[in-house]
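> Quick one: sequence plus predicted model below, questions after.
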Amino acid sequence: MRSWPRPSVPPVAVGEKRMPRLHDTASGALRDAAPAGDTATLYVCGITPYDATHLGHANTYLAFDTLHRLWLDAGLAVRYTQNTTDVDDPLLERAAATGVDWRELAAEQTELFREDMAALRIVPPTDFVAVTDVVGDVASAVARLVEDGTGYRVEDDVYFDVKAASNGTWSLGDVSGLGHDEMLALSAERGGDPDRPGKRDGVDPLLWRAHRDGEPSWDGPVGPGRPGWHIECSVIAASTLRLPITVKGGGNDLVFPHHELSAGHTAALEGTSLASLYAHAGMVGYRGEKMSKSLGNLVFVSKLRGQGVDPRGIRLALLAHHYREDWEYTDADLERALARVERWSAWAGRGTGDPGSALVDELRAALAADLDTPAAVAAVDARVDSGQPPTATDLAAIDALLGIDLA
Ligand code: 5CA
Ligand code: ZN
């Protein structure tokens, strides 16, 4: 479907380019986030379109935007896929509770998300794919899994047999490193149904939910129903990107079950790993809890924009925290960031001079080391405080790498 407008990203022709290194959840190590060829691929799990876009969402997409910008700066082509989970239990529940058609709710929230992403100058995905646009592909994938024995029925629903699927390419735990008991507990918390009778293993996830009265459903080779959650991202990744993906990303609430089991589905369907590296952003909290739709403790990007807040301030409030950190947002974060935008803008307004600045090298070095945006912001602060006016390269680098246009 339609994505959002691409911000201008100026080329920065001077200095030494750097390939990023990222913390990989699967190995627990810092690893090169680099493709074998000259095209990097990225898949970031997209929104379930209701209660969008809160600052937690924005923080996750901004983390991967920083990676995207580093890759572009390093001269790579980037293919980036993002999905929207536009049919799923929580979305249907919200639609029912508010008396809105679920399709209308999803369309309206996806449009709001596009506007927020454009305002924050997030470089858009190459492919922005709604699950409802690929239901036929998901159904065929589920049918193949049933045929090869990794998919099985519980009544009319279809589940994925994690034990049967664990083979040389993927074994349960490869992505998350969790033990079986921890998986059962998390699965209960995060949309799974570990106690359903008839399942071969409590961790086995739903591949296809058979039609229930009042729920949307599609006809297909496994009977009328709708996609399970993890299979949607496996199918969308395989249909848009060459596997394994260079980096698979999302918030750290997706490590298990979502990314673990998407990787399992991909191994079973494609015989290959889903991704070379799994990167996860921390959770942004507000008033003592993770910012989440179910708790309702949300700060919306659109609301801040509506109050006239400069989107560069929102961006800098988030960039001031390392992407892997779990942190709690307060109004002071935004106030500090807006003061910073003012200082940086005043500096940029002094006209350009002094060709000897090393700022671009400092920014690249900080960001290439696991996207250390706080260090990058501090490097700009130091340059601003030095009393020297900016160079044209300084301003281009701040725009290209941090997405802050001071012109
Ligand atoms: N549609 C699925 C992914 S396929 C989903 O998790 N949707 S979501 O709307 O709940 O979240 C969208 C993205 O924002 C995910 O990558 C999720 O990990 C991330 N996210 C959700 N809440 C927060 C939060 N409080 N802080 C940081 N990231 C968050
Ligand atoms: Zn996903």
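Now that the structure is in, tell me what you want to look at. Ligands and ions are numbered 1, 2, ... in the order given.
> Phi and psi next, for the spatially closest residue to residue 388 that is not a sequence neighbour.
Closest residue in space to residue 388, ignoring its immediate chain neighbours: residue 354 at 5.1 Å, by Cβ to Cβ, 6 or more residues apart in numbering. C-beta coordinates here come from the backbone N, C-alpha and C atoms, glycine included. Phi and psi for residue 354, reported as degrees, to the nearest 10, are phi 40, psi 80.
> In the stretch 151-300 of the chain, mark out all the strands, start to finish.
With DSSP state E, counting those that start in this stretch, the ranges of strands along the stretch 151-300 of the chain come out as 151-154, 157-160, 206-210, 225-227, 247-251, 278-281, 284-286, 289-290.
> what about the strands in the stretch 1-150 of the chain?
21-23, 30-32, 39-44, 77-84, 127-130.
> Format these as TSV; extra columns: mean neighbour count and distance to ligand 1.
TSV is the format used below for these (neighbours: other Cβ atoms under 10 Å; distance: least, Cβ to the nearest ligand atom, whole Å):
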stretch	mean neighbour count	distance to ligand 1
strand 21-23	21	16
strand 30-32	15	20
strand 39-44	24	6
strand 77-84	22	6
strand 127-130	20	11
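> closest one to residue 2 among the ones you listed?
Residue 2 sits nearest to strand 127-130 of all the strands of the stretch 1-150 of the chain, at 7.1 Å, using Cβ to Cβ.
> Up against ligand 2, what does the chain have?
Contact residues, the chain versus ligand 2 (Cβ under 5 Å from the ion): 45, 233.
> go with 8 Å
45-46, 83, 85, 229-230, 232-233, 250, 254, 258-259, 262 (Cβ under 8 Å from the ion).
> Inside helices: which ones of these?
Secondary structure from DSSP state H places 229-230, 232-233, 262 of the residues of the chain next to ligand 2 in helices.
> dump the residue contacts of the nearest residue to residue 338 once chain neighbours are set aside.
Leaving aside its sequence neighbours, residue 338 sits nearest to residue 313 (Cβ to Cβ, 6+ apart; 4.0 Å). Shown in contact with residue 313 (Cβ atoms under 8 Å, 6 or more residues apart in numbering): 334, 337-338, 340-341.
> between those residues, which is closest to ligand 1?
residue 334 (15.9 Å; Cβ to the nearest ligand atom).
> for the helix or strand harbouring the closest one, packing partners?
With elements taken from DSSP states H and E, the one containing residue 334 is helix 331-348. Judged by 3 or more Cβ pairs under 8 Å, 6 or more residues apart in numbering; DSSP states H and E, helix 331-348 is in contact with helix 311-319, helix 373-385.
> angle of the last one against helix 311-319?
With axes from the mean of the first three to the mean of the last three Cα atoms, to 10 degrees applied, the angle from helix 373-385 to helix 311-319 works out at 130 degrees.
> Now do the same contact list for the residue in the stretch 101-250 of the chain positioned nearest to ligand 1.
Proximity of the stretch 101-250 of the chain to ligand 1 (Cβ to the nearest ligand atom) peaks at residue 250, 3.5 Å away. Contacts for residue 250 (Cβ under 8 Å, 6+ apart) come out as 44-45, 60, 258-259, 280-281.
> Redo those residues as CSV? Include pLDDT and distance to residue 390.
Listed next are those as CSV, based on pLDDT from 0 to 100; distance: Cβ to Cβ, whole Å:
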residue, pLDDT, distance to residue 390
44, 99, 32
45, 98, 37
60, 98, 30
258, 98, 43
259, 98, 41
280, 98, 34
281, 98, 30
